[in-house]
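1. here is my input, please return the structure:
(one chain, ligands or ions: 2)
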Amino acid sequence: MQTFHPRHFAIVPAAGSGSRMGADKPKQYLPLLGRPLIHHALAVLCATPEIDKVFVVLSVGDAEWARHDWSALGPKLVPLFCGGATRADSVLAGLRAISGEAAQSDWVLVHDAARPCLASWHIDKLIRELAHDEVGGLLAVPVADTLKQADAQRHVQRTVPRDSLWQAQTPQMFRYVMLRRALESAHDVTDEASAVEAAGLRPRLIEGDTTNLKVTYPLDLHLAEWILQNRDK
Ligand SMILES: Nc1ccn([C@@H]2O[C@H](COP(=O)(O)OP(=O)(O)OP(=O)(O)O)[C@@H](O)[C@H]2O)c(=O)n1
Ligand SMILES: C[C@](O)(CO)[C@H](O)COP(=O)(O)O
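-> Ligands and ions are numbered 1, 2, ... in the order given. Below you'll find the predicted structure:
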């Protein structure tokens with residue numbers, strides 16, 4: 001009997017403006033250890049043997065991409081100038097753009113360009129632990145701090161029980177057809193998993209670690225630099 005081997009594709013949403021960073025260019029192009037921030041996650045994804053292609057979803061008018069030489073990352077890397085108004089719009093545009101490449105049951109790993117400290121073990125663990133999952137899932141970390149819910153005056157309304165709370169990260173990994181249909185049906189979702197949840201399904205949480213931070217504010221860039229410089233020591 002023929003064994004079925006689904007392919008794995010990465011989609012990297014990189015069409016944001018980085019407004020919370022307050023820099024003079026979108027944060028995915030800010031320098032990080034001598035390379036554009038986006039380079040670091042792209043290099044890890046392109047170096048992953050199981051991943052067949054890495055599609056980067058850039059804004060339609062992105063003129064920065066062409067100013068850099070990406071050839072060292074190899075032939076897997078494919079820029080798509082089809083980003084949308086929201087992150088979900090960009091991911092959905094990317095899915096539609098690869099419809100001729102991806103089979104319905106191929107896996108798609110969606111990873112934020114803004115998470116430059118992605119490590120190969122993060123990807124390996126996600127692919128391995130979800131390989132036979134009916135739904136798919138995402139990297140996440142258990143909440144470590146006590147969480148407070150605030151009122152309109154920023155006074156504590158209540159302490160939120162944290163024992164079952166996790167912080168979602170990326171990559172988030174789902175089958176092509178499931179993810180595309182979920183995003184086409186969803187409204188106002190912040191991540192791929194919430195679109196799949198809205199379809200009544202239960203993504204699995206795969207424990208990563210806090211080094212896979214999202215660079216959102218200026219301080220995060222310094223944290224990312226320290227992580228990349230010290231991780232393997
Ligand atoms: N319309 C958008 C908005 C965001 N993203 C991408 O989604 C990832 C996570 O989003 P976020 O950290 O919010 O990035 P920005 O939207 O650029 O940041 P901000 O919200 O501060 O403007 C980033 O890699 C960003 O480039 C995207 O592809 N398309
Ligand atoms: C997808 C994500 O990184 C999971 O935590 C997060 O939802 C992205 O949020 P953002 O506001 O688009 O950065």
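2. what's the spacing between residue 227 and residue 213?
-> 7 Å (C-beta to C-beta, to the nearest Å). Bear in mind the C-beta positions are built from the backbone N, C-alpha and C, glycine included.
3. longest helix anywhere in this protein?
-> helix 218-230 (DSSP state H).
4. strand partners (parallel or antiparallel) of the longest strand anywhere in the chain?
-> Identified as the longest strand of the chain according to DSSP state E is strand 166-175. Note on strand 166-175: by DSSP bridges, its sheet partners are strand 107-110 (antiparallel), strand 136-142 (antiparallel).
5. sec struct for residue 181, please.
-> helix (DSSP: H, G, I helix; E, B strand; the rest coil).
6. rewinding a little: tell me the most buried of the strands paired with strand 166-175?
-> Sort the strands paired with strand 166-175 by mean neighbour count, taking mean count of other C-beta atoms under 10 Å, and strand 107-110 sits at the top with a mean of 26.
7. residue 133: what's its closest spatial neighbour, skipping adjacent residues?
-> residue 204 (5.6 Å; C-beta to C-beta, 6 or more residues apart in numbering).
8. so residue 175 touches residue 133, yeah?
-> No: checked against C-beta atoms under 8 Å, the pair residue 175 and residue 133 is beyond contact range at 9.6 Å.
9. of these two, which one has the most company?
-> residue 175 (22 against 14; other C-beta atoms under 10 Å).
10. rewinding a little: give me the common contacts of residue 227 and residue 213.
-> Common neighbours of residue 227 and residue 213 (criterion: C-beta atoms under 8 Å, 6 or more residues apart in numbering): residue 117.
11. how close does the closest residue to residue 72 other than its chain neighbours sit to ligand 2?
-> Among residues not flanking residue 72 along the chain, residue 43 sits closest, at 8.0 Å (C-beta to C-beta, 6+ apart). Distance, residue 43 to ligand 2, by C-beta to the nearest ligand atom, to the nearest Å: 19 Å.
12. wait, residue 43 sits on residue 76?
-> No: the criterion here is C-beta under 8 Å, and residue 43 misses it with residue 76 at 10.7 Å.
13. show me which residues of the longest helix of the chain are buried.
-> Across helix 218-230, burial judged by 16 or more other C-beta atoms under 10 Å covers 220, 221, 224, 225, 227, 228.
14. closest to residue 67 out of these?
-> residue 221 (19.7 Å; C-beta to C-beta).
15. in contact with the closest one, which residues?
-> 21, 27, 30, 32, 37, 215 are the contacts of residue 221 under C-beta under 8 Å, 6+ apart.
16. how close does residue 29 sit to ligand 1?
-> Taken as C-beta to the nearest ligand atom, the span from residue 29 to ligand 1 is 10 Å.
17. on that earlier part again, how about the longest strand of the chain, does it reach ligand 1?
-> No: Strand 166-175 lies apart from ligand 1 when judged by C-beta under 6 Å from any ligand atom; the minimum separation is 8.1 Å.
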